[in-house]
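S.K.: Take a look and give me a structure for this.
(2 chains)
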Amino acid sequence: MPLTLLKYGLPGDHVPTRDIPPTPDLKRSYDVAIIGGGGHGLAAAHYLSKYHGIRNVAVLEKGYLAGGNTARNTTTIRSNYITNQSIRFYKEAVSLYESMSHELNFNVMFSQRGQLTLAHSDSTLRSFHLRAEMGRHNGTRISVVDQQQVRELCPHLNMDMGGQHEVVGGLWHEDGGTARHDAVAWGYAAQASGRGVEIHQRTEVQGFDIAGDRVAAIRTNRGTIRVGQVIQAAGGLNEQVARMAGIELPIRCFPLQAMVTQPLKPFLNTLVSSANLHTYLVQSSRGEIVIGGGSDPYQLAATRSTLDLKEQLAHGAVQLFPFLHNVKLLRQWAGITDMTPDYTPIMGASPLKNYWLDCGWGTWGFKATPVAGKYMAETVARERVADILQPFSLKRFETISLINEMGATAASH
Amino acid sequence: MKIMNCPFNGPRNSSEFTCFGPVRPPIDPDTADDAAWSRHMFQLDNTPGVIREWWRHTPSNYFFIAERNTVTDEIVATYEPAALHGKAITPKEITPKEIMP
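M.R.: Residues are numbered from 1 along each chain as shown, chains lettered A, B, ... in the order given. Next comes the predicted model:
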């Protein structure tokens, strides 16, 4: 990357290239069809075309490229989960982000600033000790810090919260960070389309032709295509798409709202989150404070926003950093999260032989973009679920072997 | 959705209510197998459109049923749980003997 910058940056005659080619006509058949042109689907397309030599691939996107939850998340990347299966998986996600700009020859602005989760009670601190031990056991950088260390990591933080939510310590996760979400999707799209993958925007999946236990063809608004294998990575629409294929998923959809303030001078060098206040904050590279929290309190299939949630987020932000009380909000938005009962994704096999699931990504999907793409591609190429994905199967709900990540996920990233 | 009509308390601000998720079809614990239990616990209604849910008016702790459109976020109807079962459910009389054997 730095050499390329010198080669093309210094001479003035470099013509920029178009990263994503225009949508071509649909062919009659593809080896692999990927439903969903978000980060996960595009990453899978990249890994299929670069490492498995499968290039006759169509990415089918209902709207525009990466316009769903890839565009609406708050870009947190971390691996401080509580179960072995999850930590092992997300740890690899973090390491793939560390090398992503090189891998894609596209600057994804990965900024590994560390994430600080605040404890406001002794019981929270005890659960942090467990998470820290699990994380260290799996080789991630994570430790429990006391009040003094919290002060040093985050000097502007309001430590006593008026006595109501006094900060008694925290969970410091040095591996945590952020990346530019659009760049991640565009980088994968550019790489994949450069190798022959077709990206079909405004192409809505409307049904499936199923023969026995296989999907034979996908019907779209632009025509029907025959497919060898299918990956479903449709974000907030996962449950509905799966239902079209006759697959029932234990997923319910909730909106997730977030907002950013006007840009401020840099003062916050870590990601700060508080589960008690259902709020987390990060200062973007533009200086804006990105504020997010938990999902809405009841399910909804629309991305409407509410004043209640905005007030709740603002309340949390002002408790943590009282000097933000005069700051104006610049933008606010919502995405639809596909929540699973155990706050863990569903990946791997489905009841249909050639139909592979990458769904149930709820509020925690962005960080897993590279690792989910990598192993979904491996799964499809070998027609066998990758080892690291085995615990995340849809079957776990039948055998009641759930992977409970509620404490490490809900409202705290 | 700003105001919700509680069957017991009348119209109240929506912030006074808590959602308890879609109404599940009843299951027979004597005959249900693992797959049926799995569906009962995890397979809840996610239809875009009108769904039937349990809600609670939090200050009075009154539980009732609401039919709500998950696309437009509008309450279609609210009613007492008795209407769901077609008959009134009276709490079983608890004798002191059952509390302290």
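S.K.: how about the strands of the stretch 151-300 of chain A, start to end?
M.R.: Under the criterion DSSP state E, counting those that start in this stretch, the stretch 151-300 of chain A carries strands at the ranges A:169-173, A:177-178, A:198-200, A:205-211, A:214-220, A:223-232, A:252-261, A:271-274, A:279-283, A:289-295.
S.K.: Check the nearest residue to residue A:309 once chain neighbours are set aside and give its pLDDT.
M.R.: Distance criterion Cβ to Cβ, 6 or more residues apart in numbering or on different chains; nearest residue to residue A:309, sequence neighbours excluded, is residue A:257 at 4.6 Å. To be clear about C-beta, it is placed using only N, CA and C from the backbone, and glycine gets the same treatment. Confidence at residue A:257, expressed as pLDDT, is 95.
S.K.: Could you tell me how many residues sit around the closest residue to chain B within the stretch 1-150 of chain A?
M.R.: Here the stretch 1-150 of chain A gets closest to chain B at one residue, residue A:62, 14.1 Å apart by Cβ to the nearest Cβ. A total of 22 residues lie near residue A:62 under the criterion other Cβ atoms under 10 Å in any protein chain shown.
S.K.: Name the helix or strand of chain B that has the lowest mean pLDDT.
M.R.: helix B:96-99 (a mean of 46; mean pLDDT, DSSP states H and E).
S.K.: before we move on, back to that, which residues touch the residue nearest to residue A:309?
M.R.: Counting by Cβ atoms under 8 Å, 6 or more residues apart in numbering or on different chains, residue A:257 touches A:292, A:293, A:296, A:305, A:306, A:309, A:310, A:313, A:332, A:333, A:334.
S.K.: and the fifth one, what is it in contact with?
M.R.: Right, the one you point to is residue A:306. A:257, A:296.
S.K.: Now do it against residue A:273, distance only.
M.R.: For residue A:306, the distance to residue A:273 equals 21 Å [Cβ to Cβ, to the nearest Å].
S.K.: Could you do residue A:183 as well?
M.R.: 23 Å.
S.K.: okay, the two: which has more neighbours?
M.R.: residue A:273 (27 against 18).
S.K.: how close does the closest residue to the more buried one other than its chain neighbours sit to residue A:301?
M.R.: With sequence-adjacent residues excluded and distances taken as Cβ to Cβ, 6+ apart, residue A:273 is closest to residue A:280, at 3.4 Å. Distance, residue A:280 to residue A:301, by Cβ to Cβ: 25 Å.
S.K.: Could you verify my assumption that the residue of the stretch 1-150 of chain A closest to chain B touches residue A:205?
M.R.: Yes: the criterion here is Cβ atoms under 8 Å, and residue A:62 meets it with residue A:205 at 7.3 Å.
S.K.: Show me where chain B has its helices.
M.R.: Remark: helices assigned in chain B by DSSP state H are B:34-42, B:81-85, B:96-99.
S.K.: Rounded mean pLDDT for the second one, please.
M.R.: When the per-residue pLDDT values of helix B:81-85 are averaged, the result is 80.
S.K.: packing partners for it?
M.R.: Applying 3 or more Cβ pairs under 8 Å, 6 or more residues apart in numbering or on different chains; DSSP states H and E, one finds that helix B:81-85 contacts strand B:62-69.
S.K.: Please repeat the previous calculation with a cut-off of 10 Å.
M.R.: Judged by 3 or more Cβ pairs under 10 Å, 6 or more residues apart in numbering or on different chains; DSSP states H and E, the packing partners of helix B:81-85 are strand B:50-57, strand B:62-69.
S.K.: buried sites along it?
M.R.: The neighbour-count check on helix B:81-85 (16 or more other Cβ atoms under 10 Å in any protein chain shown) flags nothing as buried.
S.K.: buried stuff in the strand or helix carrying residue A:314?
M.R.: Taking DSSP states H and E as the criterion, residue A:314 maps to helix A:307-320. Judged by neighbour count using 16+ other Cβ under 10 Å, the buried positions of helix A:307-320 are A:309, A:310, A:312, A:313, A:314, A:316, A:317, A:318, A:319, A:320.
S.K.: for stretch A:265-284, same thing?
M.R.: Quick answer for stretch A:265-284 (16+ other Cβ under 10 Å): A:268-284.
S.K.: ranking the helices of chain B by burial, who's on top?
M.R.: Counting by mean count of other Cβ atoms under 10 Å in any protein chain shown, helix B:34-42 has the highest mean neighbour count of the helices of chain B, with a mean of 15.
S.K.: hmm, it in reach of chain A?
M.R.: Yes: legend: contact between helix B:34-42 and chain A by Cβ under 10 Å from any Cβ of the partner chain is shown at B:34, B:35, B:37, B:38, B:39, B:41, B:42.
S.K.: What is the burial count for the closest residue to the third one other than its chain neighbours?
M.R.: If the residues on either side of it in the chain are set aside, residue B:37 comes closest to residue B:27, at 7.1 Å by Cβ to Cβ, 6+ apart. Around residue B:27 there are 13 other residues, counting by other Cβ under 10 Å.
S.K.: For the closest residue to residue A:100 other than its chain neighbours, give me the pLDDT.
M.R.: Of all residues not flanking residue A:100 in the chain, residue A:108 sits nearest, at 5.1 Å (Cβ to Cβ, 6+ apart). As predicted, residue A:108 sits at a pLDDT of 96.
S.K.: which parts of stretch B:37-57 are buried?
M.R.: Applying 16+ other Cβ under 10 Å to stretch B:37-57 flags B:38-39, B:42-46, B:48, B:50-57 as buried.
S.K.: Repeat that for stretch A:210-218.
M.R.: A:215, A:217, A:218.
S.K.: Convert it to CSV, retaining C-alpha atoms only.
M.R.: This file holds the C-alpha atoms of stretch A:210-218, laid out as CSV (Å, rounded to 0.1, in the frame of the first residue of the first chain):
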residue,chain,number,x,y,z
ILE,A,210,-36.6,-26.3,-4.9
ALA,A,211,-36.0,-29.8,-6.2
GLY,A,212,-35.9,-32.4,-3.5
ASP,A,213,-33.6,-31.1,-0.8
ARG,A,214,-31.7,-28.7,-3.1
VAL,A,215,-32.3,-25.2,-4.4
ALA,A,216,-32.4,-25.5,-8.2
ALA,A,217,-33.0,-21.9,-9.2
ILE,A,218,-33.6,-18.4,-7.7
